[in-house]
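**Q** I'll drop the sequence and a predicted model, then ask my questions.
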Amino acid sequence: MARRLRLPALAAALAACVASVAGCASGTPPATTALTPTFTYSYPLDVITDWDPATSYSNELVALQNVYESLTRYDPGTGTVKPQLATSWSSTAGGLTWTFHLREGVRFHDGNPVTAQAAKAAIARTIAAQGGAAYIWGAVSSIDTPDPHTLVFHLSYAAPMDVIASSDYGAYVYDTAPPGVKPGALKSWLEAAHDTGTGPYTVADWNQGQEAEVTLDAFPGYWGGWSGRHYRQVVFDHTPDVTTAWQTLETGDVDFRSQLNPELFKEATHFRALGTQATASLQNLIAFFNTAAGPLTDVRLRQAVQNAVDYDGLLAALHGSVGPAQGLIPSGLPGNDPALTRHQNLPLARKLLAEAGYGPGGRHLNLSLTYAQGDDAQQLFVTLLSSDLQALNITVDARPMQWNAQWAQAKATDPAHRQDILLMYWYADYASAYSWFVNLFHSAQPVSFNLSYLDDPVVDKEIDAIPQLTATDPAAERANYALLQRQLLEQDAAAAPLFVNTYQRVYASGITGYRDNPAYPDVVFVHDLEPSP
Amino acid sequence: MTDVSPTLAPPAPAPDRSAPPTPAARGGQARRLLALARRDLPATVGAVVLLAIVLAAVLAPWLAPYPGDGSHATHPLDTLAGPGGRHWFGTDAVGRDLLTRVMYGARTSLTVAAAVLTVSALVGVPLGVIAGYTGGVVKDVIMRITDVFLAFPALLLSVALATVLHPGTGSAIIAISVGWWPWYARMACVTATGIRSRGFVDAARCLGVSRIRIMARHVLPNALTPVLVQLSLDAGGVILTSAALSYLGLGPQEPTAEWGLMVQQGQDLFITDWWVVAFPGLAILLTAFCFNVLGEGLRSALDPHRELTR
Amino acid sequence: MRFLTQRLAQSALVIAGVVALTFVITRLVPGDPAVTYAGPRATPAQLTAVRRQLGLGASLPDQLWRYVTGLLRGDWGTSLHTRRGVLTDISTALPASLELVGCAMVLAVVVGVPLGLLGAHLRLGGGRSRGLGRWGRWGRWGRAAGDGSVRATSMLAVSVPVFLLALAVQNLFAAQLGWFPVAGEYTSKLNQTSPLEHLTHLTVVDALLTGNWPVLDSALAHLVLPALVMAAYPVGVVAQMSRAALLEESAAPHARLERAYGFSRLQVLTRFSLRPASGPLLALLALVFAFSLVNAFLVEEVFDWPGLGRYASAAITSSDAPAIAGVTVVVALTYVVTNLLVDLTQAVIDPRVRL
């Protein structure tokens, strides 16, 4: 590979048209190298959609997880949680009371000390905001602060609070009363790219819509300390184009890229200057069928579509960037069941369609489908599905949409305006499958993420029983998950899990200490990394 | 003039229209055609290649190696195969044969081009003739309207309109036509204005022929010739505009084979699998190039004044 | 004077039409602007507030009146996806596009006109004795081939889809050979070491004015590929047009007279034919300028160039009607004004135009 020219020869010819600058430019000294080692993360989407740690429920977690911390952190290696802001914890009364001991001497970025009272205020504010992942605290009935470093949760039903407190969303401990900010003005102050976290980095700069979107600077007073080699600055580049991402990786302008495409990832594995890591994720793509309106209210048609999907073909065409969906729950989480892996069954699909009066020789069926604009894997699935369904006399009218528009249509007040099939990724909030069931299949009014529009009191009851089982009876919990999945995927045919993503990370091979933690999708805990000297 | 254009062939003899074509005369016509072809080799080559493209488009269901791939078929186990014996142009991300897709893409592009030009001419020419022949306020109003439309570069107006419409082949045709018709209206208006004062129109008027009849029978046919030349010149432009629209995702949608859409969907794979972009892209280039060369040739053939600038 | 007022009145009328047409188009954009603006998590109360804020409750003529007066006051509405004023957004995006278009226009004149001149010269059998002596040795076929390749090149340049050229050039010279950066305006990391002060929002000019050499270096390297791609169409059209115009002029009686006075063919072309051909050339350039501004949409998409085109495509995918309207009006306005300026310039140069 030739190196990029510092001042390409053609620029001289061009300079004439911009201004007569060639002369000045050729005398340019090389750019001064940054004294602070900077970690540059190339991310395909807008990084920030919400700065508020209480309601954040999207992309920004890649930045916020380096700025804010929670009581515990999940370790996928051991399947347990490790201390973070809490150093130890215990539960009594059959999981109805949880006591966390907070790390001493920790300060928020604004200088205030981290106390039990402050942590309580943060969690109370998150619960009150009712946004994002606030549901994770659903079991909490009250919080006590017997002393400045002890936090006691009283629950209305047993729940695994140590795991819940490691959630990627909604579990941040932050200062709700930063000095100089009026109590009612906290949200707008946060939205102006301020933070009140305890993490190793603090927000330095935010340029919405720019290539270098977010800059984080090291927080000197971080409790984890700065001895040894660490990155002192983190920059998040918003780079939608994979070709650009690829070149910036090659030239070393970027240190990490969350996702390229399967072909470039294969290319990267042959590059000595680049390290690669492929990790099975806890994120899957699900097709939601509209069970409340339109043609798919007929369960036979939903089952037919489920059976028409070429699951194995999809896996093959995505060249190793995905793994098989084994039911709703990805492998690595309790409740996962490889026996739920689906395969295409066209004769059955044809039979089901014929029973309903459709299929080849029967009535023609039109299905509308919405999916995420710019998502290559989703688009590939849509093309394959349309192809398979066309052979069954079903036409798919597929529309790529921005998420906001897609979601708005899915929640349209007139059910007739909603789509028949919707594609959406889902991933765990904390290391439990509960998130899939309570968010996606529990009835909810108004519509939120329950995009199959299922309203089944029996299913609701079984879902509501999960948290308690998780804390008290793991075997019963697993049995309950198995039952629920058979109900949702086979009897109700409310959705079709399509595949589980494999995270394909590419980074500068000089970095040591990187290990993907799929419980925090796309997050790099930069303080854990050691830059090359 | 001959001293500055030494490469020009001697002018072809005028055809004898009085006699029915004898075999000899037909031979003469063939010779004439040949002479014309030799005079403008590029235009001839362009015409031949275009003919091949049109044939490929029309006969795609019979000529294409995997006709099913032109519409709905997919082959997830045979994705991104490089060009070779089984797939001359390789396969795309869902395993469809690209040669087939490119041939079916010709159908889409040529259909869109033909439809846009027809719609634009059908709207523009009558309006222009009415404006030019009637004159006065009518002309002013119609011409000011075309001014407004012409203030938008063609692609911009198409993009703005395509945003509003549900994306598809039909909406692409409408979106491009809206930006295209004013050119023909203007051209027809200029010609009609010229014809208005000609003797045969005056004569018809004196005979009491109605205005509409005059416009339809006398003005329109005469205004048509320059428009027809312009249509052939514009075909390349329409192909490029519709490809650009599809590239922006505002044209025909999957599974329709469309060159611009194929380039857009393949661009992330360009570094590793060049063929997914190269073949549909070159198809656009070749078609537009041939239309432009042919149009240029037709213009100089029909406009003796421009003979020299060929 | 009468010409001036007439021409101004006509332009004003066109601009009014442009505004009205844009208004109609943007009223048809799918989706509820209030929902897009407020986000899907908005409560009904928030939606009502947003509707009032965006003036969506009013009647259509009322909305049109607000829209027109807003345009005049410099209030072009709020973009639904960036949530900033549309005019603010455009005023930072437009300079980046103008940078590209400016380069393309200069190249069109600097490369296109000589190319056309060369073609015309060879077509006329020039270079046999004097002038471009080197071409003389090529003989008749060499000259034909020379002119032919000028024509073929310019035809190719106007026939190539600009996004394909952009992708090809980007893949070859940036991704494969690594001679140039793949995309962007300048290396974003430089913002930490040598932040750029924005004066004109033309990066190259700003870097030059503030003496920011690292950014200038990076910006020039980033500019090369997109500028060359942008220049392809203008160069091709200008070469074709100037060749044709020069050939036409050289057939005029005055050219024979000048030849008779002993000027060489090349001298006749450059001294006497170029000047009268410059009128139509100027009009063509105005047309090409507006065309390039829209071509920039596609080039910016490929090179991730932070200009008007990238802003527009982001607006399109998020059904951002105010932003789409803003971009449309700006481009159309630019076009009308350039045309007006060209007409007026021509009227000054050549008084015959005024008739």
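**A** All right, it came through fine.
**Q** Tell me how chain A divides into domains.
**A** Domains of chain A are assigned by automatic domain parsing as A:1-31, A:32-64+A:196-279+A:509-528, A:72-164, A:282-502.
**Q** Could you export those domains as CSV, including distance to chain B and mean neighbour count?
**A** The way it works is simple: take the backbone N, C-alpha and C, and place the C-beta from them, glycine included. Converted to CSV, these look like this (distance: least, CB to the nearest CB, whole Å; neighbours: other CB atoms under 10 Å in any protein chain shown):
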stretch, distance to chain B, mean neighbour count
domain A:1-31, 12, 16
domain A:32-64+A:196-279+A:509-528, 4, 19
domain A:72-164, 29, 18
domain A:282-502, 3, 19
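**Q** Looking at the ones you listed, which is nearest to B:I142?
**A** Nearest to B:I142, of all the domains of chain A, is domain A:282-502, at 37.9 Å by CB to CB.
**Q** I'd like the mean pLDDT over the closest one, please.
**A** On average, the pLDDT along domain A:282-502 is 91.
**Q** quick one on the thing from earlier: how about JSON lines for the domains of chain A, with distance to B:L150 added?
**A** Below are those laid out as JSON lines (distance: least, CB to CB, whole Å):
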{"stretch": "domain A:1-31", "distance to B:L150": "28"}
{"stretch": "domain A:32-64+A:196-279+A:509-528", "distance to B:L150": "33"}
{"stretch": "domain A:72-164", "distance to B:L150": "50"}
{"stretch": "domain A:282-502", "distance to B:L150": "32"}
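**Q** Nearest to A:G170, out of those?
**A** Of all the domains of chain A, domain A:72-164 comes closest under CB to CB, at 3.3 Å.
**Q** and the closest residue to chain B within chain C, how far is that from chain A?
**A** Residue nearest to chain B within chain C: C:G17 (3.2 Å; CB to the nearest CB). Look at C:G17 and chain A: by CB to the nearest CB, to the nearest Å, they are 31 Å apart.
**Q** where's that residue, which helix or strand?
**A** helix C:2-27 (DSSP states H and E).
**Q** Point out where the stretch 1-150 of chain B drops to low pLDDT.
**A** Scanning the stretch 1-150 of chain B with the threshold set as pLDDT under 70 gives B:1-38.
**Q** got the residues of it near chain A?
**A** Residues of the stretch 1-150 of chain B found near chain A, taking CB under 8 Å from any CB of the partner chain as the criterion, are B:71-74, B:76-77, B:79-80, B:93-95.
**Q** can you put these in JSON lines and add secondary structure, neighbour count and distance to B:L157?
**A** Formatted as JSON lines, these follow (DSSP: H, G, I helix; E, B strand; the rest coil; neighbours: other CB atoms under 10 Å in any protein chain shown; distance: CB to CB, whole Å):
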{"residue": "B:S71", "secondary structure": "coil", "neighbour count": "17", "distance to B:L157": "31"}
{"residue": "B:H72", "secondary structure": "coil", "neighbour count": "18", "distance to B:L157": "33"}
{"residue": "B:A73", "secondary structure": "coil", "neighbour count": "19", "distance to B:L157": "36"}
{"residue": "B:T74", "secondary structure": "coil", "neighbour count": "26", "distance to B:L157": "35"}
{"residue": "B:P76", "secondary structure": "coil", "neighbour count": "22", "distance to B:L157": "40"}
{"residue": "B:L77", "secondary structure": "coil", "neighbour count": "11", "distance to B:L157": "44"}
{"residue": "B:T79", "secondary structure": "coil", "neighbour count": "20", "distance to B:L157": "38"}
{"residue": "B:L80", "secondary structure": "coil", "neighbour count": "20", "distance to B:L157": "37"}
{"residue": "B:A93", "secondary structure": "coil", "neighbour count": "25", "distance to B:L157": "32"}
{"residue": "B:V94", "secondary structure": "coil", "neighbour count": "27", "distance to B:L157": "34"}
{"residue": "B:G95", "secondary structure": "coil", "neighbour count": "24", "distance to B:L157": "38"}
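**Q** Max pairwise distance over these: which two?
**A** With CB to CB as the measure, no two of the residues of the stretch 1-150 of chain B next to chain A lie farther apart than B:S71 and B:L80, at 20.2 Å.
**Q** Surely A:D310 and B:P76 touch.
**A** Yes: using CB atoms under 8 Å, A:D310 makes contact with B:P76 at a distance of 6.2 Å.
**Q** Overlap in contacts, the two.
**A** Here A:D310 and B:P76 have A:L384 as joint contacts, going by CB atoms under 8 Å, 6 or more residues apart in numbering or on different chains.
**Q** contacting residues for residue 123?
**A** You didn't say which chain, so I picked chain A. Applying CB under 8 Å, 6+ apart, the residues near A:I123 are A:137, A:140, A:143, A:173.
**Q** if you could check chain C rather than the one you did, that'd help
**A** Shown in contact with C:R123 (CB under 8 Å, 6+ apart): C:143, C:147, C:243, C:247.
**Q** Where does A:L422 sit: helix, strand or coil?
**A** strand (DSSP: H, G, I helix; E, B strand; the rest coil).
**Q** That one touches A:A410, doesn't it?
**A** Yes: counting by CB under 8 Å, A:L422 touches A:A410, with 5.6 Å between them.
**Q** thought C:P181 was touching C:L220?
**A** No: using CB under 8 Å, C:P181 is not in contact with C:L220, being 10.7 Å away.
**Q** Now do the shared contacts for those two.
**A** Counting by CB under 8 Å, 6+ apart, nothing touches both C:P181 and C:L220.
**Q** and the residue in the stretch 401-533 of chain A positioned nearest to chain C, how far is that from B:T79?
**A** Using CB to the nearest CB, the closest approach of the stretch 401-533 of chain A to chain C is made by A:W407 at 4.5 Å. Separation of A:W407 from B:T79 (CB to CB, to the nearest Å) stands at 31 Å.
**Q** what's the helix or strand that B:A160 is a member of packed up against?
**A** Assessed by DSSP H and E, B:A160 sits inside helix B:154-164. Packing contacts for helix B:154-164, counted by 3 or more CB pairs under 8 Å, 6 or more residues apart in numbering or on different chains; DSSP states H and E, involve helix B:169-196, helix B:220-247, helix C:2-27, helix C:274-303, helix C:308-317, helix C:321-349.
**Q** and it, how far out from the chain's middle?
**A** 19 Å (CA atoms, centre = their mean, to the nearest Å).
**Q** quick one: contacts of it?
**A** So helix B:154-164 is contacted by B:149, B:152, B:171-172, B:174-176, B:178-180, B:237, B:241, B:244-245, B:248, B:250-251, C:22, C:25, C:28-30, C:291, C:294-295, C:297, C:312, C:316, C:319, C:324, C:328, C:331-332 (CB under 8 Å, 6+ apart).
**Q** again, only this time at 7 Å
**A** The list of residues contacting helix B:154-164 from outside it, by CB atoms under 7 Å, 6 or more residues apart in numbering or on different chains, reads B:149, B:171-172, B:175-176, B:178-180, B:241, B:244-245, B:248, B:250, C:25, C:28-29, C:294, C:316, C:324, C:328, C:331.
**Q** gap between stretch B:287-306 and the chain center?
**A** The mean C-alpha position of stretch B:287-306 is separated from the chain mean by 12 Å, CA atoms, centre = their mean.
**Q** Any part of that stretch near chain C?
**A** Yes: interface with chain C: stretch B:287-306 contributes B:288-289, B:292-293 (CB under 7 Å from any CB of the partner chain).
**Q** Could you dump those into CSV with neighbour count, distance to B:A204 and secondary structure added?
**A** Output for the residues of stretch B:287-306 next to chain C, formatted as CSV (neighbours: other CB atoms under 10 Å in any protein chain shown; distance: CB to CB, whole Å; DSSP: H, G, I helix; E, B strand; the rest coil):
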residue, neighbour count, distance to B:A204, secondary structure
B:A288, 26, 42, helix
B:F289, 23, 44, helix
B:N292, 25, 39, helix
B:V293, 26, 40, helix
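**Q** I appreciate the help and will end here.
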